[in-house]
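Undergrad: I would like to see how this sequence folds:
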Amino acid sequence: MTFRNFSRQFEQLAFTWMERQKLGGSYSSHRAQSEKHVVVCSTTLQADTIMDFLNEFYAHPLLQDYYVVLLSPMELDTTMRMILQVPIWAQRVIYIQGSCLKDSDLTRARMNEAEACFVLAARNYADKTAADEHTILRSVLFEEL
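TA: Residues are numbered from 1 along each chain as shown. Next comes the predicted model:
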């Protein structure tokens, strides 16, 4: 094994470790107090759905300084990883792996300090009524916060 191969493998390991740390991380209380953020909850991470949301959200000039905390139980797939590494999104979107049904995950996303919460419905459900029911049930949870 050459030094170059070892160096490349070490770099990949370090990158993987840093990505895993982000998944289990949280939106810091210091940031929540000094910056405005919204929480986006989604049970599935479909690139087109997330991109539609981000483009619509940031289209408004008054929202340019907001951060988006993306909370989902799904791991990031390759497409979502690439999207969130694009500089315009890497500086504005924080991904946290977790569920909007768990208080500990909502705390990690600083839901209580968020300016708003958005619950995104999955577009790929065959039963659209069931998808709507799941989305409504999740949104009812946030009325109590």
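
Undergrad: Pull the contacting residues for L106.
TA: L106 is in contact with V39, L71, G98, C100, N112, L145, counting by Cβ atoms under 8 Å, 6 or more residues apart in numbering. Any C-beta I mention is one placed from the backbone N, CA and C, and that applies to glycine too.

Undergrad: scratch that, I50
TA: Taking Cβ under 8 Å, 6+ apart, we find I50 in contact with V40, S42, L70, M80, I83, L120.

Undergrad: Ramachandran coordinates for the closest residue to the second one other than its chain neighbours?
TA: Spatially, and ignoring its direct neighbours in sequence, S42 is nearest to L120 (4.1 Å; Cβ to Cβ, 6 or more residues apart in numbering). Here the main-chain torsion angles of L120 (degrees, to the nearest 10) amount to phi -90, psi 130.

Undergrad: Buried by neighbour count: which residues of stretch 50-69 qualify?
TA: By 16 or more other Cβ atoms under 10 Å, the buried positions in stretch 50-69 come out as I50, F53, L54, F57, Y58, L63, Y66, Y67, V68, V69.

Undergrad: Repeat that for stretch 104-118.
TA: Buried residues in stretch 104-118, counting neighbours by 16+ other Cβ under 10 Å, are found at D105, L106, R108, A109, R110, M111, A114, C117, F118.

Undergrad: Between those residues, which sits nearest Q33?
TA: The shortest approach to Q33 among the buried residues of stretch 104-118 belongs to R110, at 9.0 Å (Cβ to Cβ).

Undergrad: Would you confirm that that closest one contacts Y67?
TA: No: under the criterion of Cβ atoms under 8 Å, R110 is not in contact with Y67, lying 10.1 Å apart.

Undergrad: where do the contact lists of the two overlap?
TA: Y27, R31, H37.

Undergrad: Mark which of the contacts of I50 are part of helices, please.
TA: The helices, defined by DSSP state H, take in M80, I83 from the contacts of I50.
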